[in-house]
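Trainee: quick one, structure for this:
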Amino acid sequence: MFGKKKNTAPICDERLSHIAFIMDGNGRWATSKGLPRSSGHAAGAKAFKNIVECCSRIGLRHMTVYAFSTENWSRPKEEVDRIMKLLSDYLDEAERMLDKYDLRIVFLGDKAPFERGLRKRMLEIEEKSSKGKKILNIAMNYGSKSEIVHAVNSALAEGKKTITEEDIDKNLYTKLSPPPDLIIRSAGEMRLSNFLLWQAAYSEFYFTDTLWPDFDEKELYKAIECFYKRKRRYGGLG
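Mentor: Reported below is the predicted structural model:
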């Protein structure tokens, strides 16, 4: 059942083990308040921390957040530099939550383009958290098309002549997590933007006009309640 009573938080059951978030709207949030875009990214980092803590408290076993896409490198250098600094702040927040919420952090995407110090920290956090029971996937320099190409090339390198769905599944960056049951996108956009294209085949989607820095527990609970009201058919007849 949907474990929600009046004035209480939902409790995730076997139907909801993985939520993925497209954290959109940081720049628009800042612009609406007459602030520099960097302020929006900083506010978005705080929302990230709050949502990770909330998901952990209600028993979610897997969570994926879209932090930085392969396309984000095309933004103005000043903004990219600021985002790189904030990504370090994201890591600080995530690292502080490791033991409290029994998290295992996995970074999805190609780490090579990142500055050496940031890349080193990512590898250290993955190692430090490797025994955690709850998976937090952080997509950094991530693009789903590139991920699928990576999975196919990995299978070919294993000597495969014919590639199956199972071959791709086991070589995805998200191989430690099941496909997302629910994908939430903030800020009113209704597209995946090259995020978890393979994994989202039977995911439920929830779109909200709320900008990511304003996405809080109340908004999360609304999305979860909406999810539990749906009947998932996985391509079967309804």
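Trainee: what is the burial count for the closest residue to Glu204 other than its chain neighbours?
Mentor: Setting aside the residues directly before and after it, Glu204 is nearest to Leu182 in space (CB to CB, 6 or more residues apart in numbering), at 5.1 Å. Yep, even glycine has a C-beta here, placed from its N, CA and C like the rest. When counting by other CB atoms under 10 Å, one arrives at 22 neighbours for Leu182.
Trainee: same question for Thr31.
Mentor: The number of residues packed near Thr31 is 13, by other CB under 10 Å.
Trainee: next SSE downstream of the helix or strand of the chain with the lowest mean pLDDT?
Mentor: Taking mean pLDDT, DSSP states H and E as the measure, the helix or strand of the chain with the lowest value is helix 77-96, at a mean of 80. Of the helices and strands lying after helix 77-96 in sequence (DSSP states H and E), the nearest is helix 98-101.
Trainee: quick one: the helix or strand following that next one to helix 77-96, angle?
Mentor: Along the chain past helix 98-101, the next helix or strand (assigned with DSSP H and E) turns out to be strand 103-108. With axes from the mean of the first three to the mean of the last three CA atoms, to 10 degrees as the basis, strand 103-108 and helix 77-96 are set at 150 degrees to each other.
Trainee: so what are the sheet partners of strand 103-108 and their directions?
Mentor: Strand 103-108 sits in its sheet next to strand 134-142 (parallel), going by DSSP bridges.
Trainee: excluding its backbone neighbours, what's nearest the residue nearest in space to the middle of the chain?
Mentor: Nearest to the mean C-alpha position of the chain, counting by CA atoms, centre = their mean, stands Val65 at 1.5 Å. Closest residue to Val65 apart from its sequence neighbours, by CB to CB, 6+ apart: Phe21 at 4.9 Å.
Trainee: what does Cys12 give?
Mentor: Using CB to CB, 6+ apart and skipping the chain neighbours, the partner closest in space to Cys12 is Gly59 (4.5 Å).
Trainee: now do Asn137
Mentor: Sequence neighbours aside, Thr64 is the residue nearest to Asn137 in space, at 4.0 Å (criterion: CB to CB, 6+ apart).
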